[in-house]
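Student: Just a sequence and a predicted model for now, questions to come.
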Amino acid sequence: MLSWIREHLKTMDCNEITLRKIELACEEALVNIIEHAYKDNAGKLCISLRQPQNTVIELILRDEGPPFNPIEQQLSLNPMATLHERKIGGLGILFMRQYMDEIQYRRENNTNILTLIKYRN
C-alpha cells in the first residue's frame with residue numbers, strides 16, 4: 001500500500017520531505033485501520049489519492065470497520081516519561097496530526113472515511 005502511495009505521490013512532483021511526511025502519516029493510519037477496524041476479521045480498505053489543486057494533496061482512506069473518529073481522540077503524552085513509563089501505542093494519531101496539515105473524518109453508509117490533507121509550499 002505504501003509503495004502505491006509513494007509512486008502516485010512521485011507523479012505529483014512531491015519533494016522528498018513532503019513525501020516522507022505523507023507516507024509516515026499514511027502508514028500510521030493504515031496500521032490503525034488494519035489492527036483495530038479489522039482486528040478479528042478480514043475487511044475492505046480503499047485508498048485514493050487526489051490533488052484537487054496544485055498546492056493540496058489529499059489521501060482518502062475508507063474502511064468498513066466500527067465507527068472511529070481519530071480527530072476526537074484525546075492524546076495525553078508525557079514527553080518527560082521514560083521508555084519504561086510510556087504505554088505501548090498511541091503515537092499513530094499524534095504522528096498523523098504532526099505530519100499532515102489537516103485531518104478530516106466522516107462516517108457515511110457504514111464506512112469510515114479519513115482524509116489526510118497536506119498543503120504544498
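Tutor: Yes, it's here. Computed from a predicted structure; not experimentally measured. Numbers count the residues shown, from 1 in each chain.

Student: tell me which strands and helices the helix or strand bottoming out on mean pLDDT in the chain is in contact with?
Tutor: Least confident element among the helices and strands of the chain, by mean pLDDT, DSSP states H and E: helix 92-99 (a mean of 86). Helices and strands touching helix 92-99, by 3 or more C-beta pairs under 8 Å, 6 or more residues apart in numbering; DSSP states H and E, are helix 16-32. To be clear about C-beta, it is placed using only N, CA and C from the backbone, and glycine gets the same treatment.

Student: try 10 Å this time
Tutor: Using 3 or more C-beta pairs under 10 Å, 6 or more residues apart in numbering; DSSP states H and E, the elements in contact with helix 92-99 are helix 16-32, strand 102-108, strand 111-119.

Student: which sections of the protein are below the confidence cut-off?
Tutor: Scanning the chain for pLDDT under 70 picks out the ranges 74-81, 83-91, 121.
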